[in-house]
Every structure is written in structure tokens, then in C-alpha cells.
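>>> okay, here's the prediction I keep looking at, along with the sequence it came from:
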Amino acid sequence: MDHNKRRGMAGQVKRFCERFAQGAGGALGRVIPHQSLLQWIEEEAGDYRERVYGPMQTLMLFIEQVLGADHSCQDAVAHGVSQRVALDQSPCSLNSGPYCKARARLALSLIERLGREVKLIDGTTVSMPDTAANQAEFPQSPTQKAGLGFPLARVVAIISLSCGAVLEWATGPCAGKCSGETALLWQLADRLRPGDIVIGDRYFSGYFLLAWLTRQGVDVVMRQHQLRHTDFRRGRRLGAKDHVVAWARPQRPSWMDAATYATMPETLVLREARGGGLILVTTLVEAADVSKKDLLHLYHARWQVELDLRAIKTVMQMEVLRCKSPQMVQKEIAVHLLAYNLVRAVMAQAAFLGHVLPRQLSFKTALQLDPRLRREPAPRAARTAFLPPGLSARRDRPIALATPTGPRQTSCG
């Protein structure tokens, strides 16, 4: 990257951090170090051409788009024009086509690097526009007739219990072979670190997944699967309805190759405990270190992941995506999660200053109280200020934003 381009990018990075620093007492401005952000852009964006919508400007508008109430590309472009005027720069066209193309060029790996750190696991689904490309990649539910449903994507996330940030995620279709939540978690299993404690529901308590996580040095606390019989008369007794047993390796499933199956242990030593109407299975087998009451308290914290996913889908409005191609759907999900993590970072720093736990703060309230985190649609004046002559708005009808100079392109991908 040449000197002039690097200097221009450094200015954009500074404005990006200052943009978020205006809200929540400057907390977001300290979330992303300037030098790290500049280095990541150089590594992920490569030798890009100077444009109105460079990598940093595009990412900045994309984040504001998913945080805004309108969620449209046209609204993001209108805000971009207003920002250029505020910086004494010449206004660009209101045509949303260049911005949509810039989003398509944006490297997914750059978005993921910006969103990085006991862990909760769970999955959810999101829908998207009914295009041929989306249907091919993310088919609609097989229970719906053709032409009557929307494409569905499954998202499995690893979320921090302490602050609610999304640490890792994987996406895939909701229909077809190996499309379940456990299959997506297999993709993320090697990203868990030794010493982690993972909490999940009964859907993830299969033998092979537990064996893989145990080999990675990861401890688990999960609910016993409803199809597995638990006999507390067997094994080493630790207390009432609390024992350590050895699970025998089941037969090789059709989705697992023989080489992987051979690496799985023939037995798996686990602890089973009943309390509060639940049967839990865990690798924390020492009752002297972790009591049954501790296990129940830890598992009850799993409900936080349900609230986190609800905040992402409902409050962040990710339940229904807008992009029309699978590649842009992946990026739209990534930017939603990045914006969500930025808000969580603000909440964590506010909790530190207020001497409370981050989980004691409301995600929705954080967005409502800080106008810089959840902006409203661009004002009418910003949408009309740079229309070509002859296209001024009339009082008796809405302004026609569909007729800017140049060919119209309203597709989101």
C-alpha cells in the first residue's frame, strides 16, 4: 500500500473510531485500536483501488445500516452523502449501485477478524429473499410447497457467558444431509481452546461430539439426551442421583468416515447428575471441585444464549435478511454480528464503569438510550439535497428516490 493511500486509509480509520466514540461515553472508540484496524485492512483488503466506497467507508456504512431502523441500502447511501458534506467533501451520487457493489467486494475475513473472546452454544434460523441463488444454497423447509416458502439458513454461534459477545459462528442450510446444529458445531469445534467450559442443550450431548471436545481439552455441561437411558445404580456413586459412568462407543454413523471413527475412544468417562427436574451430563467428574448444585447453576445460565439470539434476531432485525445472493447473505450475517459485538463492547465498558456485571444491562435499552448506536433513517432533507435539477420533492407525493442520475441498481447482492 503506497504512502498516500495509507494516509487516506488512516484518516478513514480515525473517523470510523470517532464515529462510534460519539456515543456511550467514547467507549466504542476504544474498542478497536487504530493500528490494528489499519493492519487488518491492509492484510485482508489487499491493493484496492481508491474509490468513494473504500473498504473502511463501506464497512462503516454497512454497520450503520444494520443498526439503523430503515435497513435499506438507499438510506445508508443518503447517510454517506451527508457525512461527506459534513467533512467538506464533494457529495457523491445517491445511486445505491456503487455501494451495493462495494459491499460485495468487502472481504468476509475482514469482518470476521473485527468480531473476535465459559461459552454457550446454540443455533437459530434466518430467512432471506426468495431468489434462485438463495434457494439453491439455503433451501426452504421441505414441509412447504415450492413457491410458497422462503430460503432458510441455519446459524450456530458460540457466545460468551460473561458479556454476551459472539465469539464464533457457522452458517449452513436448514435442509439436506448434515445440515443440523451439531454438524455446524463440528465446524467450530477446533476453535474452542483447552480449558473452555461449553454449555449446551440436549441436542449437542451425542457421544462423538463429547469425545471430540474432551480430546480438545474442553469441558462440557449439557442436558442428557432424551433417548439415552440413565441408571444411577451403575457406576461410581458421588451422591444422591449423582454418579460417574463409562459410556461405550456406539457403532460408526454413516456421516463419519472410518479413519475418524478409529480415533474416537472406545469408552468415555462422564458424570451424570439429576436435579431440578433435569439430568445433566458433564466432563467435570470431581464432586469435590464442582458440586451438583454448581452444575445446575451453570446449566441454568444457558438460558442467556436464548436471550442473546433473540436480541440478534429481533432487536437487531436479523430474522429476515435482505440480500439476494448467498455470498451477500454471509456478509450481512457477519456485519450484523459485528455490530452486535460492538454494542456488547460498549455495554461491557459501561458495566465496568458502573461496577455491575455486563449481563445486568439490557441490550435493547443500550440501543434505545444511545442515538449513535441505533440511528434513525436519514432525514428527508438529506435524501433530497443532492437530487438533480427537476427532481425536487412535491408536497403531494413522496419523493422519487428511484430516479437518481445513472442506471438504477437497488439490488442488495
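Yes, it's here.
>>> Arg84: neighbour count?
Look at Arg84: counted by other CB atoms under 10 Å, it has 16 neighbours. Any C-beta I mention is one placed from the backbone N, CA and C, and that applies to glycine too.
>>> so it lies in a helix, does it not?
Yes - membership of Arg84 in a helix is supported by DSSP: H, G, I helix; E, B strand; the rest coil.
>>> got a list of what it touches?
90-92 (CB atoms under 8 Å, 6 or more residues apart in numbering).
>>> can you flag the buried ones in these?
Among the contacts of Arg84, the ones that count as buried by 16 or more other CB atoms under 10 Å are Cys92.
>>> distance to Asp196, pLDDT and secondary structure added to the contacts of Arg84, as a markdown table?
Converted to a markdown table, these look like this (distance: CB to CB, whole Å; pLDDT from 0 to 100; DSSP: H, G, I helix; E, B strand; the rest coil):
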| residue | distance to Asp196 | pLDDT | secondary structure |
| --- | --- | --- | --- |
| Ser90 | 51 | 81 | coil |
| Pro91 | 49 | 80 | coil |
| Cys92 | 46 | 83 | coil |
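>>> dump the contacts of Arg84 into CSV; add distance to Lys145 as well.
Below are these laid out as CSV (distance: CB to CB, whole Å):
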residue, distance to Lys145
Ser90, 52
Pro91, 48
Cys92, 45
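>>> for the protein, which spans come out with low pLDDT?
When residues are selected by pLDDT under 70, those of the chain lie in 1-38, 40, 45-50, 112-117, 370-413.
>>> can you tell me which helix in it is longest?
Ranked by residue count under DSSP state H, the longest helix found in the chain is helix 326-354.
>>> elements contacting that one?
Contacts defined by 3 or more CB pairs under 8 Å, 6 or more residues apart in numbering; DSSP states H and E place helix 326-354 against helix 55-67, helix 97-105, helix 108-114, helix 132-137, strand 152-160, strand 166-173, helix 363-369.
>>> ends of stretch 146-162, what's the gap?
43 Å (CA to CA, to the nearest Å).
>>> show me what contacts Ile333?
Contacts of Ile333 (CB under 8 Å, 6+ apart): 126, 153, 155, 169, 171, 318, 321.
>>> who does the fifth one bridge with?
Which is Thr171. Judged by DSSP bridges, the bridge partners of Thr171 are Val155.
>>> could you report the neighbour count for it?
20.
>>> over to the third one?
Counted with other CB under 10 Å, the burial measure for Val155 works out to 23 neighbours.
>>> what do you get for the fourth one?
Each residue near Trp169 was counted by other CB under 10 Å, and the total is 20.
>>> who's in contact with Pro265?
211, 215, 249 are the contacts of Pro265 under CB under 8 Å, 6+ apart.
>>> and of these, the nearest to Ile111?
Nearest to Ile111 among these is Arg215, at 30.7 Å by CB to CB.
>>> how far away is the closest one from Leu192?
11 Å (CB to CB, to the nearest Å).
>>> between those two, who's got more neighbours?
Neighbour comparison, Arg215 and Leu192: the larger count goes to Leu192, with 22 against 12 (by other CB under 10 Å).
>>> nearest residue to that one other than its sequence neighbours?
Val218 (4.8 Å; CB to CB, 6 or more residues apart in numbering).
>>> look up how far Asp190 lies from that neighbour.
10 Å.
>>> who has more neighbours out of the two?
Val218 (19 against 9).
>>> so the more buried one touches Ile199, yeah?
No - judged on CB atoms under 8 Å, Val218 makes no contact with Ile199 at a distance of 11.2 Å.
>>> thinking again about what came up before, nearest to Leu268, of the contacts of Pro265?
Among the contacts of Pro265, and counting by CB to CB, the member closest to Leu268 is Ala211, at 5.4 Å.
>>> helix or strand right after the helix or strand containing the closest one?
Ala211 is part of helix 207-215, with elements assigned from DSSP states H and E. Once the chain leaves helix 207-215, the next helix or strand it forms, by DSSP H and E, is strand 219-223.
>>> show me what that following strand packs onto, helices and strands only.
By 3+ CB pairs under 8 Å, 6+ apart, strand 219-223 packs against strand 197-200, helix 207-215, strand 278-282, helix 292-300.
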